[in-house]
Structures are given as C-alpha cells and as structure tokens.
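J.: Please find the sequence and the predicted model below.
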Protein chains: 2
Amino acid sequence: MRTCSNFGINTMDSYKIPHVGIVGAGFGGLQAATTLKNKPCTVTVIDKTNHHLFQPLLYQVATAALSPADIAAPVRTILRNAKNITVEMDEVTSIDTSRNVVFRKQEGELTYDYLILSPGTRHSYFGNNDWEEFAPGLKSLNDALIIRRKILKAYEKAKHSNGNIAKHTTFVVVGGGPTGVEIAGALAEIGRQTMLQDFPELTASDIRVVLVEAGKSILSAFPESLSKHAQQHLLDLGVEVQTNSKVQNITQDSVTINGTVIETENVIWAAGNTASDLLKHVPTTLDSAGRVVVQQNCSVKEAPNVFVIGDAAHFPDTTYTALPGVAQVAMQQGRFVAKTILSNNPNAKFVYNDKGNMATIGRAKAVAYLFGKVQLWGFAAWAIWALIHVVSLIKFRNRVSVMSEWLWYYVTYQPGARLIIEEQ
Amino acid sequence: MRTCSNFGINTMDSYKIPHVGIVGAGFGGLQAATTLKNKPCTVTVIDKTNHHLFQPLLYQVATAALSPADIAAPVRTILRNAKNITVEMDEVTSIDTSRNVVFRKQEGELTYDYLILSPGTRHSYFGNNDWEEFAPGLKSLNDALIIRRKILKAYEKAKHSNGNIAKHTTFVVVGGGPTGVEIAGALAEIGRQTMLQDFPELTASDIRVVLVEAGKSILSAFPESLSKHAQQHLLDLGVEVQTNSKVQNITQDSVTINGTVIETENVIWAAGNTASDLLKHVPTTLDSAGRVVVQQNCSVKEAPNVFVIGDAAHFPDTTYTALPGVAQVAMQQGRFVAKTILSNNPNAKFVYNDKGNMATIGRAKAVAYLFGKVQLWGFAAWAIWALIHVVSLIKFRNRVSVMSEWLWYYVTYQPGARLIIEEQ
C-alpha cells in the first residue's frame, strides 16, 4: 500500500490509499486531476463553477466572437470516466493545514491527505476597488458577458446620444499584457469593420480605442522586438497605445491618465491580478500579489503535503522573478504535482519547459515567442496561434464550432455572438 | 408619388414617400421589414432587444443544447443592406393613433404614416402572477438562460441534498402545447442520458418529469392521432403526462395539481400567453388574451393605417377560432401587410397558407401535420423538422454551428451548453 510517510504525514492510515483534494478546476487543477485519474488514490475536485474555462479565449467571448459554450465544458463531463474522482460544485472558504481539512460552504469539512490549491486570481485595482464598478475585469464567463453587454450597448447608446458620441465610442483598455492587447485589437477591429456597417450614423473617426500601459512597453514578457511588432499591429488597427501612462482615476464616464481626462463610459481593466483570498489561510509567506511562495516541488514549506500551482503560486525563477501566470505553467505544475504525489517523492523538483508565449492582435495577426528563441509576428504567428488553440480545444469537443465561427469571422468580419441579453 | 389616401390618412404629405413604423422584430415584424426593404418608403424598426430570436428553438437554449448566438442575430445586421430602414433598440411605451405617433422610452415621439405592431406576447399566469418567480416561462433569451441555470443547478443541489433528492430531480412542465412538450421531452432525455453519467450518485428512477395539461389532450392543435403519438413518444422517454389536470398552486418547492402536492423546485411554465400591454393603447376591441381583433387585412378597424400581426393579433378564422401564434402566421402576415402598404390597397384580404405544424420530442422523434392532411411521427417527422429548421436558420448564418451541435448531440447525447453562469 502506498503511504505518504515521505511527506511526513501522520494522520494517514497507511493501509488506505491517499485522498487528494483539488481546489479549482482551471488548467492546473484539471491537469492534476486527469493525471490522478484511475490511479491508486481518491480525488475530490472542488470548483465554484460547474465548468472548466479555456481562459486564453475568454477575450473572444467578451468581444462577441464566441459563445460561452465554445470555450467551456462541465468539469463533471471532462472527468466522467475517472472512477476515483468526485467533482463538487462548492466553494472552499477556509483551510486548516494543521488538521488537513478544508471547509466547504455547502458540505462542511473535507479531510485530505494531500491538497492541491489552484484557486487562480482575481483582478486587482491596486487599492482602488471602487473602480471595479466602472472598469470590469475579465476572469470568468460572467465577466466576459458583462463586458460584451457593455461594449454592444455602448454603440446603441451612441445612436441615442444627440451629439455627445465620444464617451460611448471611446474604449480604454488598461493594461498592456496579452489580455489587454487582445481586447484592444479586437475592439478596434470590431468597431471599424463590423459596427460601422451596423451603425451608418457613425464614421471610423468616431471610434477611438486606447490601450494604456504603466510600464515602458506593452507585452513586457516578450522580447523587445516582438513588443514593437505588436505595437505596430495595434497601430495598424487604429489603436492608440499609451505607454508610461498611469491611470489616476476612473469614474462612470471618464478615466484620468497622466493628468489627462478621457471622457468614456467604456473602460476595461486588464492591469493587475491578486491571488485568491483563500491563500490567506495557508500559514506561509505570500508575495505582494497574494501568491504563495512555493518550494521547488510546488509545496508549501510549512505544510509539505499542500501544493499551490498556477497563478496562485509564486514559483521562484531565474528568467522571470516568478513563473508567469499562464496556462502552460499551471498545466505542467498540475501534472508534476500529481506525479510527485503518486511517486511519493518529496524531493522531485519542478522544471518549467517554456514552449513559448503568444498574443493575437485582431483577426489575423499575432506575435509569438517560441522555445525561448524563435520570434514570429504577423500572419505566420497568428496561423500558429490558431492551430495551437484549435488543437487545445479538441478535448472540449468544441473545435468544429469554434473553427466554423472563426472561419466565418475571417471571411465576413461578422463576429457571431453580438447579442445583448439583459438581466431582469 | 405614392400616397396613403386609400387608407384615409390626412396627415400625409402626398409628395413624400410614406414612413412605416414597425414595433417588434420577431418573425412578423422582421418579415414586414424585409418586404419593405429598398422599396419607396422609409421604415423604422423598433425592438427592445438588439436581436431577432428564432423562437422555435428557444427551448434548446433552455435545455442546454444550443447557445444563444446559435438562434439569434442582431436586427441591424439582418437589415444592414436596407438603405431605407433604420433600426432602433428602444421600447415603445405608448401609441396615439389619433395623431399617428408612438412614444419611445429613449427617443420620444415618432410619427408614422403606417404602423405595424408585432410586439408579441408574454406568459400569462391567469391572475397568479406570484407563480412567475417559481415557474419561469420561456419567451426571451434571458428566460432561456434562467431556466437553463435552474435545471443545471437542480442536479448540483440534488448532490448536496442529504437524501431529500426528489424536490431537485422532479421537473414539472405546465402546459401541453408544443413548447411544453418539447421542454418535457428534452428534460427527460437529458436527465436519463446525460446527467446520470455526470452524477453517478443518481439513478434513473430518481429523475421524474411531469407534463401537466389542463385540457383533455396534449398538442390540442394537432389531429388526435398525432396527439396520441406524441404522448407515446413522451412516455417512451419516461415523461408522466397528466391531462385534465389543473395547477392550483405553485410555491418555491411545490406544485399542487388536482389537489395533489408534488414536491419540486423545478416548475417551468408553458401554459398561457397574454399579448403585450402596449396593445391597450390601441383604441379597439381586445380579446380575452389581450390580442387586437383585426380586420381581414390585419388592420385595426378604428385606425386603418395601423396593422397588428403575429401572436399579438386575433385574426378570426373558421378552422381555428383565431389563427395560432406560430411563426408561419406572423411571417405571412408581415409580408402581406408590407405588400398591402406598398400597393396602397386597403381591400386586400389576408389568407393563411397553412403549411403545417410540428413538435419535436427528444433527440430524434417528432410529430408533424403538413398541409392540413399529411400526418407524420417518429423519426420521419423529426428528419423533416430538422431539415426545415436548419434551412430556416440559414439566414442567421448559424446553420453550420447548429448542425455540428446537433450532430454531436445525436451521436454522444452530450448537449453542448451545460454551463451554469452565475450573475453576481
């Protein structure tokens, strides 16, 4: 019988196979679960939602190109054939590592032998939480639908604005990382290519998209030359890129950047992340973004049978200060941690295999930095981006409909989900 | 220059082409608009939402088979090439037929020469409006998403119910018309074929679907033999059909039918319709369902330049008391009214060309009554149903994705949109 003794666990009954709790069914948690599937352990996967979300394409739901079901699938269905895994739609509200217990909102206590924490992050407004109301961020399907409604209603409002059009047709995206760049590119393209046809009252010069970045360049995780290509792609689409620019205030109908006020009701926040509050219950060091600073095997120093992965973890790295919060890191950590548990080897060390980093700009351009050396931009980068994302979506069985959506958009410039669905 | 003189309109400047107001972009309003497209008139189409909805498939959004974007498209986009048509997302709150004016919530007064009213219906709870909270109806995309969330969450709640499963896994559909039959069939099939795999805690006997009809048979608009086939198809799927059954009360966790209380949190209302309140501003006779009793040319007796079409109209008929509220009637009336306006001929009479009536039951069965004589049921009826609906969706350009969704479901029993998206 497998035991956890190498991890110093005392509560463990050595005649029982271990029970692994996984909090969060994002890329990291789901990868850990599938690695543990039908292996000698029992697993409980707990997520607040009923679905796994393919987050790299979430901006396409926000910009009306895809529907929620195109990029999400029920966790239960994905793990249906795993006889040793239970999926719970519940919320973990607290953790007691001294007793190896998590507290669930609905079902109460759950005892674990190993715990994998992959609760993800939320947007951070750097202490200005009142901005959230006016500048929604993009993490969940609900966030994406809120932003989609906001964008589409902006054009309807412009039609009824009696001359004061600017505040409706100006879009300000805060944050020049991949999400901000992708949203800004999509907004500019949809505005000029799609909305002008639907709203003949408007002209191209009415539509203004501003991308604001506090640092000296957008896509700072990419090599400088790719950052410049991305900026050029954005300029080609008509996006104003403002670097070295700090947002000082956001109200319902304005944003102040470096002392200048832009009148707009459409601010989208893609600037900062803060890790889940749940991590505050882990008795260890958190970094300034609220992430757990983990050991070389992704475990918590003070609780070696607890692992933190994905963008909730601060994994010290020589190239980056900490490994970036991207799907690849989370998935590789999820697989690594699951194997570490199965092999009962606390001395294994996680090594990130950096396959690359990409960001799309508009309908058919992208930048890609592959294997730490290859730099691609323009259509070639986009083609690789599209291929990788379609293949990645295969497991969600959505590739056919996503491909048909994309093909349709590519040919017609008509994103397929431009629906304003009002809540009542 | 075309004038409206044959309609007795005095306000009309005879040197001006007429202005047609269309309220509601459902099947009737949209068909009227497309018939008036690029003809010698100006047209304003006003709808509360930004999209036209393919309502016959709305139950598939409610039962998680399709996404909203699969069955809806922006009205502006559909009418984009119509140079004489303006589309407004606004709400008409009142009408003054004596002044030929409608009042819009945002934009105020709009003067018309002709007015086409196609505002549709809402569910009617026969005076028990407090039931709506517990028994949502199905008219809009938002309705469908509310029902979808309710159904999917019911299974999640069942998992956490500590034995009191029945109230979560019992589904009661009120109303044995096509919508009720289609929802009940889909609920039974999804429950048995899909959810049991996702929730291994449940067994087939836990899932109960009841279809309640006050009349003596379901699908009363169909010939009796087809009604019986439909009932058999439902029984085959495990649906309990209760005819001659009256709902006496609905609470948060129960429904009382003929004196018997069924414990359930999942009641769906498909029983009654009442026409839009807007029609109360039309100075004419309304029937008991709030519909305008129209003339033979679909106009209002007291205001001959005002037409009411679709399920807002009571069009006297010898076969039916009034023509049924189906898409075919609305579309034919829309086309007829537009042509009547263009030809300036108030004496034209609308004749309904009844091509048939259909209802699907589950994944691959249906009943169809075609051209007033052909009766089909089972797979043959379903094949015709699927063909007609796919062809009808072509204009919304969604046929590829819908076909791929259906093909996928047909092969795997996995409806593709089983997402619980919580509003915050």
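T.: That came in fine, so what should we check first? Numbers count the residues shown, from 1 in each chain, chains lettered A, B, ... in the order given.

J.: Excluding residues flanking it in the chain, which one is nearest the residue in the stretch 151-300 of chain A that chain B sits nearest to?
T.: Residue nearest to chain B within the stretch 151-300 of chain A (Cβ to the nearest Cβ): A:D198, separated by 4.0 Å. The way it works is simple: take the backbone N, C-alpha and C, and place the C-beta from them, glycine included. The spatial neighbour of A:D198 that comes closest, neighbours along the chain excluded (Cβ to Cβ, 6 or more residues apart in numbering or on different chains), is B:R76 at 4.0 Å.

J.: Next, the contact list for that neighbour, please.
T.: If a contact means Cβ atoms under 8 Å, 6 or more residues apart in numbering or on different chains, then B:R76 has A:198-199, B:50, B:87 as its contacts.

J.: Narrow the residues you listed to those in helices?
T.: A:D198 (DSSP state H).

J.: any idea how far A:S161 is from the residue of the stretch 151-300 of chain A closest to chain B?
T.: According to Cβ to Cβ, to the nearest Å, A:D198 stands 16 Å off from A:S161.

J.: circling back: so the residue nearest to A:D198: helix, strand or coil?
T.: Of the three states, B:R76 takes helix under DSSP: H, G, I helix; E, B strand; the rest coil.

J.: How about the contacts made by the residue of the stretch 151-300 of chain A closest to chain B?
T.: Per Cβ under 8 Å, 6+ apart, neighbours of A:D198: A:155, B:74, B:76-77, B:80.

J.: give me that answer again for 10 Å
T.: For A:D198, the contacting residues are A:152, A:155-156, A:159, A:414, A:418, B:50, B:74-77, B:79-80, B:87, by Cβ atoms under 10 Å, 6 or more residues apart in numbering or on different chains.

J.: Flag the least confident of the residues you listed.
T.: Ranked by pLDDT, these bottom out at A:Q414, which has 61.

J.: Enumerate every residue touching the nearest residue to A:P283 once chain neighbours are set aside.
T.: Residue nearest to A:P283 in three dimensions, not counting chain neighbours: A:E302, with 5.2 Å by Cβ to Cβ, 6+ apart. Counting by Cβ under 10 Å, 6+ apart, A:E302 makes contact with A:97-98, A:282-285.

J.: Restrict the residues you listed to the buried ones and give me that as a ChimeraX selection.
T.: Selection of buried members from the contacts of A:E302 for ChimeraX, criterion 16 or more other Cβ atoms under 10 Å in any protein chain shown:
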select /A:97,282,284
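
J.: For the contacts of A:E302, which two are the farthest from each other?
T.: A:S98 and A:T285 (17.3 Å; Cβ to Cβ).

J.: okay, the angle between the top helix by length along chain A and helix B:141-159?
T.: Determined from DSSP H, the single longest helix within chain A is helix A:141-159. Put simply, helix A:141-159 runs at 170 degrees to helix B:141-159, going by axes from the mean of the first three to the mean of the last three Cα atoms, to 10 degrees.

J.: Which of the residues in helix A:141-159 are classified as buried?
T.: Applying 16+ other Cβ under 10 Å to helix A:141-159 flags A:141, A:143-159 as buried.

J.: Tell me how far the residue nearest to A:D198 lies from B:Y112.
T.: 20 Å.

J.: what's the answer for A:T251, then?
T.: 40 Å.

J.: These two: which has the busier surroundings?
T.: B:Y112 (24 against 17; other Cβ atoms under 10 Å in any protein chain shown).

J.: Take the contacts of B:R76 and write them to a markdown table, including distance to B:V174.
T.: Converted to a markdown table, the contacts of B:R76 look like this (distance: Cβ to Cβ, whole Å):
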| residue | distance to B:V174 |
| --- | --- |
| A:D198 | 39 |
| A:F199 | 42 |
| B:N50 | 30 |
| B:V87 | 35 |
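
J.: out of the contacts of B:R76, what pair is the most spread apart?
T.: Largest pairwise distance in these, by Cβ to Cβ, is 11.2 Å, between A:F199 and B:N50.

J.: Convert stretch A:75-92 to PDB, retaining C-alpha atoms only.
T.: C-alpha atoms of stretch A:75-92 as PDB (Å, rounded to 0.1, in the frame of the first residue of the first chain):
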ATOM      1  CA  VAL A  75     -15.900  19.600 -15.200                       C
ATOM      2  CA  ARG A  76     -18.100  16.500 -14.400                       C
ATOM      3  CA  THR A  77     -18.200  15.700 -18.100                       C
ATOM      4  CA  ILE A  78     -14.400  16.100 -18.600                       C
ATOM      5  CA  LEU A  79     -13.700  13.800 -15.600                       C
ATOM      6  CA  ARG A  80     -16.700  11.500 -16.200                       C
ATOM      7  CA  ASN A  81     -14.600   8.300 -16.800                       C
ATOM      8  CA  ALA A  82     -12.400   8.800 -13.800                       C
ATOM      9  CA  LYS A  83     -13.800   6.300 -11.300                       C
ATOM     10  CA  ASN A  84     -11.700   7.600  -8.400                       C
ATOM     11  CA  ILE A  85     -12.600  11.300  -8.800                       C
ATOM     12  CA  THR A  86     -15.600  13.100  -7.300                       C
ATOM     13  CA  VAL A  87     -16.500  16.500  -8.600                       C
ATOM     14  CA  GLU A  88     -18.100  19.100  -6.400                       C
ATOM     15  CA  MET A  89     -19.600  22.400  -7.300                       C
ATOM     16  CA  ASP A  90     -18.900  24.100  -4.000                       C
ATOM     17  CA  GLU A  91     -16.700  26.900  -2.500                       C
ATOM     18  CA  VAL A  92     -13.800  26.300  -0.200                       C
END
